[in-house]
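> next come a sequence and a model predicted from it.
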Amino acid sequence: MDISSPRHRVRQLLESRTVQRTIVAVIVVNAITIGCETSAFLMARAGGWLHAIDRIALAIFVLELAARVYAYGRAFAKDPWNWFDAIIVGIAVVPSTGSLSVLRSLRILRALRLVSAVPSMRRVVTALLTAVPGMASILGLLVLLVYIAAVVATGLFGDVVPERFDELPHSLFTLFQIMTGDDWGSVAKEVMEHKPWAWMFFIVYILMSTFVALNLFIAVVVNAMHDTEASAAEQRTQEELAALHAKLDKLLAAQDRG
């Protein structure tokens, strides 16, 4: 792209820190005002101002998106984050009256634009998406573990605590509750009143489901974030080298002309 072209100048303006920080500030302010609109007290005293700020923020988002479409041209559609922003802004533009009044509550989705506006958030989301295959495998392992434990618990404890373990669906729900750490001690005590050795089952289950399987999720995400950071650092290095080569070519060309 010609650096003197209007598109290039618009792109430089959009990529400047001032504009990016302004967009982030507008997103934050708009999210706060939308939250304030849920208060009857604030709406009674400043409802007009809140609606005005909301409309101004929406206008800024539409103008910024239109400028990006103009500046990047066909390249705009190649970036998934641009599609993400376009969908968020598109939902906000749709009239929220009549049968579409439910869309009014979806205006808070504009706050999600922080994800695309803040590079560090983008890297986190990218890492999470990269980790999905590994997380799916761990999730499958966790589901298998809970299913096996539920079948065993139904056979062992269904006759003594029927309200929790009489059938497989009840056992699955109870074991999911235990896995989240929600009052698992009370469940264990209920069973241990009839079968004192039941503590062994619950300890082994908690160790396997909570301290092993769930921590594997964290390990996969951390590893994906590390790989994403490494890829980003490598890309920045390549861009810096390309910029240095371009400067050297310009110097050499100037020397040849001299």
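Ah, there it is. Numbering: from 1, shown residues only.
> avg pLDDT for the stretch of helix or strand residue 120 belongs to?
Assigned by DSSP states H and E, residue 120 falls within helix 119-130. Averaged over helix 119-130, pLDDT sits at 79.
> check stretch 49-60 too.
90.
> run through who's touching that stretch.
Here stretch 49-60 makes contact (CB atoms under 8 Å, 6 or more residues apart in numbering) with 23, 26-27, 29-30, 33-34, 36-37, 42-43, 89, 92-93, 107, 110. C-betas here are computed from N, CA, C, even on glycine.
> again with stretch 212-226
Here stretch 212-226 has contacts from 123-124, 127-128, 130-131, 134-135, 138, 141-142, 145, 179, using CB under 8 Å, 6+ apart.
> just the buried ones from these?
For these, a burial check counting by 16 or more other CB atoms under 10 Å picks out 124, 127, 130-131, 134-135, 138, 142, 145, 179.
> and of the residues you listed, the nearest to residue 157?
residue 179 (16.2 Å; CB to CB).
> got a list of what that closest one touches?
146, 205-206, 209-210, 214.
> likewise for residue 210?
Counting by CB under 8 Å, 6+ apart, residue 210 has contacts 179, 181.
> any idea how far residue 202 is from residue 69?
Counting by CB to CB, to the nearest Å, the gap from residue 202 to residue 69 is 58 Å.
> compare these two (neighbour count), which wins?
Per other CB atoms under 10 Å, whichever of residue 202 and residue 69 has more neighbours is residue 202, with 20 against 14.
> now do the SS call for the more buried one.
helix (DSSP: H, G, I helix; E, B strand; the rest coil).
> so for it, what's the pLDDT?
91.
> out of the contacts of stretch 212-226, what pair is the most spread apart?
Largest pairwise distance in the contacts of stretch 212-226, by CB to CB, is 31.4 Å, between 123 and 145.
> give me the helices and strands touching the helix or strand that contains residue 9, please.
Using DSSP H and E, the element containing residue 9 is helix 6-15. Contacts defined by 3 or more CB pairs under 8 Å, 6 or more residues apart in numbering; DSSP states H and E place helix 6-15 against helix 40-72.
> any buried residues in the helix it packs on, and which?
Per 16+ other CB under 10 Å, helix 40-72 contains these buried residues: 46, 50, 53-54, 57-58, 61, 64-65, 67-68, 71-72.
> how's this protein carved up into domains?
Following automatic domain parsing, one gets these domains for the chain: 6-116, 132-254.
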